[in-house]
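Participant: below are the sequence and a predicted model; questions follow.
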Amino acid sequence: LIVLELHKYEADVEELVESAQKEDKIENKLKDIIKAWDKMKFDFESHKDVPILAETTEIVELVEQHGMDIQGMLASKDVAEFKETVEKWRNNMKTLDSVIDKWKKVQSDWKILRPIFIESEDIRAQLPEATVTFQRVNEEWRELMIEASEEPGVIAAATADGRLEKLRSFEAEIETCNKALSDQLESKRKLFPRFYFVSQDILLTILSNA
């Protein structure tokens, strides 16, 4: 150290050491995040012989936590060495957040509408076009869920090619079925006026369990 005369460059050395320590901290935190997601898997349960997502609270909380950690890394000037990997994981967290949100929404709507469009002869007869649309969604949803249950790793399941787009497509088609059903529900309300005092979601739940 004396031969190198580092004592003449104390400020520069301190800055370099501090930067190296921050890089080390970023690298270790990044390794922890990657390791955590390598182990994380979706849990599934069976509904009408179709595997569906079970509780995702722990996963959602981890997405939020690691999302903030990654934003903190990107705000640091010492992230340059790992920026490409950090940005990749920022995108993973964004994708995962969007996929879980759409997945749970589609799953909830599917569970409510399935008995109505698959098992109700009355609705099937009165809404033939919506029934055909829902039947197609039902089959494709079943295939997607079987595929996901066979590859339950969270990152792999969420970032599978075309998964988010497929869920958005399901959401749009289910919304079309919902619109047709909403119009049909008006006739139910006219027959039983008390239905005017319950929300659309509750009325759908009542009819789906009737």
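Facilitator: Sure thing, it's come through.

Participant: longest helix anywhere in the chain?
Facilitator: Using DSSP state H to define each element, the chain has its longest helix at helix 83-114.

Participant: dump the residue contacts of the most centrally placed residue in the chain.
Facilitator: By Cα atoms, centre = their mean, the chain has its centre lying nearest to I100, at 1.3 Å. By Cβ atoms under 8 Å, 6 or more residues apart in numbering, the contact set of I100 is 56, 59-60, 63, 158. The C-beta positions use only the backbone N, C-alpha and C, and glycine is treated the same way.

Participant: which of these sit farthest apart?
Facilitator: The distance between the two most remote of these (Cβ to Cβ) is 11.8 Å, for V60 and A158.

Participant: can you pick out the residue with more neighbours from those two?
Facilitator: Using other Cβ atoms under 10 Å, the more surrounded residue of V60 and A158 is A158, with 23 against 15.

Participant: confidence score at the more buried one?
Facilitator: Note on A158: pLDDT of 91.

Participant: for this structure, which helix or strand comes out least confident on mean pLDDT?
Facilitator: helix 200-208 (a mean of 75; mean pLDDT, DSSP states H and E).

Participant: got the angle between it and helix 83-114?
Facilitator: 50 degrees (axes from the mean of the first three to the mean of the last three Cα atoms, to 10 degrees).

Participant: what helices or strands is helix 200-208 leaning on?
Facilitator: For helix 200-208, the elements it packs on are helix 83-114, helix 163-191, judged by 3 or more Cβ pairs under 8 Å, 6 or more residues apart in numbering; DSSP states H and E.

Participant: cutoff 7 Å now
Facilitator: helix 83-114 (3 or more Cβ pairs under 7 Å, 6 or more residues apart in numbering; DSSP states H and E).

Participant: now the helix it packs on: buried residues?
Facilitator: 85-86, 89-90, 92-93, 95-96, 99-100, 102-103, 106-107, 109-110, 112-114 (16 or more other Cβ atoms under 10 Å).

Participant: ramachandran coordinates for V50?
Facilitator: phi -120, psi 130 (degrees, to the nearest 10).

Participant: ok so, going back, distance between the longest helix of the chain and the chain's centre?
Facilitator: 2 Å (Cα atoms, centre = their mean, to the nearest Å).

Participant: now stretch 29-48
Facilitator: Using Cα atoms, centre = their mean, the offset of stretch 29-48 from its chain centre is 12 Å.

Participant: show the end-to-end separation of that stretch, please.
Facilitator: End-to-end distance for stretch 29-48, by Cα to Cα, to the nearest Å: 42 Å.
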